[in-house]
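In: Here is a sequence together with a model predicted from it:
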Amino acid sequence: MAGKIIADTLETGAGAEISTSYVVNGSAKAWAHYNADGIAAISNSLNTSSITDNGTGDMTISHGSSLNDANYSATCTSRFGLNENAYVSAIKRYATSSTRTIHNNSSQDVLYANGRVDHTDIGLVLHGDLA
C-alpha cells in the first residue's frame with residue numbers, strides 16, 4: 001500500500017523551518033554521471049533512462065520523466081583522463097525529454113566539431129519542473 005506525507009514546512013534539528021516548496025523546487029530533477037570514451041555508459045543517475053552517442057564529443061541523455069518545458073537549467077562538467085588540461089563541456093540542445101551535450105579538448109569554440117573528444121568523466125545536472 002502506498003503512503004503519503006503532507007507537510008508545508010520541514011524543521012531542522014536546530015529548530016529552523018524550511019518550506020517544502022523550497023526543497024521540491026530547489027532539488028535536481030535529473031542528473032547523470034557518464035563516460036563517453038569507448039562505449040558510452042551511464043555509471044550513476046537519477047531520472048535518466050539512456051545515453052546516445054551522436055559522434056565524437058556529442059552525447060544525448062534521455063530523461064526518464066520529461067521536464068515541463070525546455071527552459072530548465074542544466075550544468076555539465078567533464079574531464080578527459082587524469083591530466084590537467086582545459087576541457088569544455090556545453091549544452092547543445094535542451095528538450096523536454098532529453099539534453100544534448102558536447103565536449104571539446106580545449107577552450108576552442110565548442111560548437112565546432114574539429115576540437116571534440118569523448119570525455120571519460122562527465123556530470124550533468126538539471127533543475128526545472130517535471131511535466
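Out: Everything's here; your move.
In: which ones are touching residue 118?
Out: The contact partners of residue 118, by C-beta atoms under 8 Å, 6 or more residues apart in numbering, come to 36, 37, 38, 40, 56, 57, 103. Any C-beta I mention is one placed from the backbone N, CA and C, and that applies to glycine too.
In: of all those, which comes closest to residue 74?
Out: The shortest gap between residue 74 and any of those belongs to residue 103, at 13.9 Å (C-beta to C-beta).
In: what's the helix or strand where the closest one lies packed up against?
Out: Per DSSP states H and E, residue 103 falls inside strand 98-104. If contacts are counted by 3 or more C-beta pairs under 8 Å, 6 or more residues apart in numbering; DSSP states H and E, strand 98-104 sits against strand 58-63, strand 73-79, strand 88-94, strand 121-127.
In: List the buried residues in it.
Out: 98, 99, 100, 101, 102, 103, 104 (16 or more other C-beta atoms under 10 Å).
In: okay, who's weakest in these by pLDDT?
Out: Among these, residue 104 carries the weakest pLDDT, at 84.
In: Distance from the chain centre to the strand holding residue 103, please.
Out: Counting by C-alpha atoms, centre = their mean, to the nearest Å, strand 98-104 is centred 10 Å from the centre of its parent chain.
In: burial measure for residue 37, as a count.
Out: Look at residue 37: counted by other C-beta atoms under 10 Å, it has 14 neighbours.
In: Could you check the pLDDT of it?
Out: pLDDT at residue 37 comes out at 83.
In: Roughly how far does it sit from residue 76?
Out: Remark: distance between residue 37 and residue 76 (C-beta to C-beta, to the nearest Å) = 16 Å.
In: What is the most widely separated pair among the buried residues of strand 98-104?
Out: 98 and 104 (20.5 Å).
In: so which of the helices and strands packed on strand 98-104 gets nearest residue 15?
Out: So among the helices and strands packed on strand 98-104, strand 121-127 is nearest, using C-beta to C-beta, at 28.1 Å.
In: For the closest one, which outside residues touch it?
Out: 26-36, 59, 61, 63, 67, 72-80, 89, 99, 101, 103.
In: Poorly predicted segments of this structure, please.
Out: 1, 81-86, 106-114 (pLDDT under 70).
In: Many thanks, have a good one.
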